[in-house]
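Participant: pasted the sequence and its predicted model underneath.
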Amino acid sequence: MVSYSSPEELPHLRRLSVVVLCLITITLEGINLSLPGPFFPREAKIKGLSQTQIGLVVGSFDMFNLCFSFVVASLASSWNIKFFFVAGTLLSSVTVSSFGLLSESPSGVAFFYSCLITRMVNGAGAAMLYSTSIPIAVQMYPKKAALITTGVQICAGCGVCFGPPLGSLLLPIGGYKCPFLVTGLTEFVVFVFSFFLIPSNSVQTNSSFKSSDYLRYLFHWSALSEIIPLATLLCIPAIRDTAYALYLENTLGLEHTKIGYIFMLNSADVFVSGPIIGFLVGLGFGSIIAVIFQGFTLLVAFALYLPHLVPQLETVAWCAVILACNGLTLSSTMNPGFLLMEKIAIRQGFTNLQQVKTISSSSFNLALSIGRTFGAFVIGGYVNDVMGFYNMCLFYVGMLSITAIWNVTFLFRYGLVGRLYYDTNIEVAEEHVIGNKKGLLSVGDESVIEESDKLIRQNRYQK
């Protein structure tokens, strides 16, 4: 493979192909993540698994995604980032296909542990892809960082929501294993193209980035004040995958082959609202959207509990409306989330574009993994087992209330509520890198960042 000194030396068609591959891969990873949701719980019940064991299998994907997010964020560099991406596509391809074929395995303990191990390895592959896709894609077109980042967010959200309807479409054709085999084979094709198209030295950086740098960012109070509330919001897909499907089938009597089509409302909403939310975030409204939709998500969670108080609402139609609203909350959480993570990284003094993108991508993936792990293991699994579906919803409402107050308070106190731009973040980082021509203070000083933001805003308004 031929190395190169800058992305601009590559032919335009090849750079564009790399970006498209990243978008396709993130979409497929979203499908991998959500595909088992409507179908695996029923298959698992037939194989003799309990609700808690179902939660463990669903959450194992996110548990290993969580663990490997640390590894990739700490070890990723310009010399190995292609390896992480290509290895991630291969692992995901093999494991998602294997997960479908496990329907032929014996019932009971053998089925449980086989599913558990397969989803764990799949989660490790997903961590490699979620943490490297944005840095690789953005370095192909650094001046289009905002557009590419928004595109990756939309693809991730759409992938999460496309999994269930894709399963409902393919399930009648080839049975339980068919959706998983189709997804796995598609990802293997992506693996082959990625191996040949992504250059070996696709991300360049002149700065050293140690694992301790990422840990310093991660355990700073500002990062935790965004990651933990974000993780709470992102419990929703895991709760849906572990609890909604069985609720729709057992309580509301919906045929299991049609559950994926009800989940399709998630897909439609993300597909429609994702670009709109992304456009608004690009205009600088990301933090405002993040604040508003904290309250909206709380109302959606309470609406799922409401049929317990008003039995007339216990219908498939009511659940369909809630799932549609969940799609809106997903896109309104993912799009601003990346932007806020980038802003926090720059506030902590990180100055290199690759660092900022890798840190924000890995941290958002970390929040997603924590949310889905906790949502599957604890809320959709154990709490649902012990307290029942409706009390589980009320428990989640309480969690959202606490973390929403925490996050909104942090955003206001840290000065992140207002007009924020993706390109502002990049320009601030570049100002630090060139030595601060305006004679500002040292890198990482809050006054530097505030003054840099002020200068950039003035330039924007003058234009």
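Facilitator: On my side now, so go ahead. Residues are numbered from 1 along each chain as shown.

Participant: quick one, strands of the stretch 301-450 of the chain?
Facilitator: Secondary structure of the stretch 301-450 of the chain (DSSP state E, counting those that start in this stretch): no strands located.

Participant: all helices of it, in order?
Facilitator: For the stretch 301-450 of the chain, the helices defined by DSSP state H, counting those that start in this stretch cover 316-347, 353-374, 384-387, 389-413, 422-433, 446-462.

Participant: the shortest one: which residues count as buried?
Facilitator: Using 16 or more other CB atoms under 10 Å as the test for burial, helix 384-387 gives 384-385. In this view, the C-beta of every residue, glycine as well, is placed from N, C-alpha and C.

Participant: what helices or strands is that helix leaning on?
Facilitator: In terms of contacts (3 or more CB pairs under 8 Å, 6 or more residues apart in numbering; DSSP states H and E), helix 384-387 is packed against helix 51-75.

Participant: for the next helix or strand along the chain from the helix it packs on, list every residue counted as buried.
Facilitator: On the C-terminal side of helix 51-75, the nearest following helix or strand under DSSP states H and E is helix 81-101. For helix 81-101, burial by neighbour count (16+ other CB under 10 Å) applies to 81-100.

Participant: with stretch 355-362 instead?
Facilitator: Neighbour-count burial for stretch 355-362 flags 355-362 (criterion: 16+ other CB under 10 Å).

Participant: so G48, which state does it fall into?
Facilitator: Judged by DSSP: H, G, I helix; E, B strand; the rest coil, the three-state class of G48 is coil.

Participant: could you check how far it is from Y214?
Facilitator: In this structure, G48 lies at 42 Å from Y214, with CB to CB, to the nearest Å as the measure.

Participant: neighbour-wise, which of these two wins?
Facilitator: Neighbour tally, G48 and Y214, criterion other CB atoms under 10 Å: the higher count belongs to Y214, 24 against 13.

Participant: that one - nearest residue in space that isn't next to it in sequence?
Facilitator: When the adjacent residues along the chain are set aside, Y214 lies closest to A73, with 4.7 Å between them (CB to CB, 6 or more residues apart in numbering).

Participant: so what's S5 scoring on pLDDT?
Facilitator: Residue-level confidence at S5 comes out at 56, pLDDT.

Participant: one more: the one 3 residues further on?
Facilitator: We have a pLDDT of 61 for E8.

Participant: also I426?
Facilitator: Per-residue confidence (pLDDT) for I426: 55.

Participant: and if you look at F39?
Facilitator: Among the per-residue scores, F39 shows a pLDDT of 76.

Participant: got it, and V433?
Facilitator: As predicted, V433 sits at a pLDDT of 46.

Participant: over to S225?
Facilitator: Reading off the per-residue confidence, S225 sits at a pLDDT of 92.

Participant: roughly how far apart are the closest residue in space to I134 that isn't next to it in sequence and Y305?
Facilitator: What sits nearest to I134 in space, not counting adjacent residues and going by CB to CB, 6+ apart, is S361, at 4.5 Å. For S361, the distance to Y305 under the criterion CB to CB works out to 34 Å.

Participant: how many other residues sit next to the nearest residue to S362 once chain neighbours are set aside?
Facilitator: In space, and not counting its chain neighbours, S362 is closest to A73: 3.5 Å by CB to CB, 6+ apart. A73 sits with 25 neighbouring residues when counted by other CB under 10 Å.

Participant: A73 reaches S360, doesn't it?
Facilitator: No: using CB atoms under 8 Å, A73 makes no contact with S360, being 10.0 Å away.

Participant: for the one helix or strand S133 maps to, packing partners?
Facilitator: With elements delineated by DSSP H and E, S133 resides in helix 109-140, which encompasses its position. For helix 109-140, the contact count by 3+ CB pairs under 8 Å, 6+ apart identifies helix 12-34, helix 40-46, helix 51-75, helix 81-101, helix 145-174, helix 353-374 as packing neighbours.

Participant: still on that earlier bit, pull the contacting residues for the residue nearest to Y214.
Facilitator: Contact criterion CB atoms under 8 Å, 6 or more residues apart in numbering gives 131, 211, 214, 358-359, 362-363 as the residues in contact with A73.

Participant: make it 7 Å
Facilitator: Applying CB atoms under 7 Å, 6 or more residues apart in numbering, one finds that A73 lies in contact with 131, 214, 358-359, 362.

Participant: tell me the two of those residues that are most distant?
Facilitator: S131 and Y214 (10.4 Å; CB to CB).

Participant: ranking helices and strands of the protein by mean pLDDT, which lands last?
Facilitator: Considering only helices and strands, the least confidently modelled element of the chain by mean pLDDT, DSSP states H and E is helix 446-462, at a mean of 46.

Participant: the residue nearest to I134 and S133, how far apart?
Facilitator: In this view, S361 and S133 are 7 Å apart by CB to CB.

Participant: my guess is G274 contacts I154. True?
Facilitator: Yes: judged on CB atoms under 7 Å, G274 makes contact with I154 at a distance of 4.0 Å.

Participant: which one's more surrounded, those two?
Facilitator: Relative neighbour count places G274 above the other of G274 and I154, with 26 against 23, counting by other CB under 10 Å.

Participant: isn't V356 right up against Q348?
Facilitator: No: using CB under 7 Å, V356 is not in contact with Q348; the gap is 10.1 Å.

Participant: quick one: pLDDT of the nearest residue to G108 once chain neighbours are set aside?
Facilitator: Residue nearest to G108 in three dimensions, not counting chain neighbours: G48, with 5.0 Å by CB to CB, 6+ apart. The predicted structure scores G48 at 82 on the pLDDT scale.

Participant: please apply the same query to the one 10 residues further on.
Facilitator: Per-residue pLDDT puts V58 at 76.

Participant: also G108?
Facilitator: G108 carries a pLDDT score of 80 in this model.

Participant: how close does the residue nearest to S362 get to R15?
Facilitator: With distances defined as CB to CB, the gap from A73 to R15 amounts to 24 Å.

Participant: now swap in I134 and tell me
Facilitator: The gap separating I134 from R15 is 15 Å, by CB to CB.
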